[in-house]
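*Asks:* okay, sequence plus prediction incoming.
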Amino acid sequence: MSELAAIADTHRRLAILRGLAASPASTSNDSLLNALLDDLGVLSTRDQVRTAIAWLAEQGLVTVRDREGLVIVEATGRGLDVAASKAYVPGIARPGRR
């Protein structure tokens, strides 16, 4: 993986958490999150979004439910703390840093 791709992954993860934090009940689906990332200039394929969601779930920052192929994602309390820059997790971009 190139350095640029690795940096993009960290930004993608942070943008997903911030998108969830701004959503009603801190919940969204992978399709809406994909559109949000594109709007933020973090152009992402659906596979990249789902990979980022799976990584966030492994870290305990989101929970994931599959509803007939639609991936529903909800931020955990720790995920909301990371989104608000109250906590740091290696592998997620920090505001103002790479």
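*Replies:* In hand now; what should we look at?

*Asks:* so which bits of the longest helix along the chain are buried?
*Replies:* The longest helix of the chain (DSSP state H) is helix 3-21. Neighbour-count burial for helix 3-21, counted by 16 or more other C-beta atoms under 10 Å, picks out 8-20. Yep, even glycine has a C-beta here, placed from its N, CA and C like the rest.

*Asks:* likewise for stretch 21-40?
*Replies:* So stretch 21-40, judged by 16+ other C-beta under 10 Å, has buried residues 23, 26, 28, 30, 33-34, 36-37.

*Asks:* same thing with stretch 46-58?
*Replies:* For stretch 46-58, by 16+ other C-beta under 10 Å, it's 48-50, 52-53, 55-56.

*Asks:* so what's residue 76 up against?
*Replies:* Contacts for residue 76 (C-beta atoms under 8 Å, 6 or more residues apart in numbering) come out as 60-63.

*Asks:* so which of the buried residues of helix 3-21 comes closest to residue 78?
*Replies:* Nearest to residue 78 among the buried residues of helix 3-21: residue 17, at 9.8 Å, using C-beta to C-beta.

*Asks:* how close does that closest one get to residue 3?
*Replies:* In this view, residue 17 and residue 3 are 22 Å apart by C-beta to C-beta, to the nearest Å.

*Asks:* how about residue 20?
*Replies:* 27 Å.

*Asks:* these two touch, right, residue 79 and residue 56?
*Replies:* Yes: contact criterion C-beta atoms under 8 Å: residue 79 and residue 56 qualify, at 6.8 Å.

*Asks:* that older thread, and which of the buried residues of stretch 46-58 is nearest to residue 70?
*Replies:* Once C-beta to C-beta is applied, the member of the buried residues of stretch 46-58 that ends up nearest residue 70 is residue 50, at 11.2 Å.

*Asks:* for the closest one, which non-adjacent residue is spatially closest?
*Replies:* Nearest residue to residue 50 in three dimensions, chain neighbours excluded: residue 30, at 5.9 Å (C-beta to C-beta, 6 or more residues apart in numbering).

*Asks:* the one you found reaches residue 53, doesn't it?
*Replies:* Yes: using C-beta under 8 Å, residue 30 is in contact with residue 53, at 6.3 Å.
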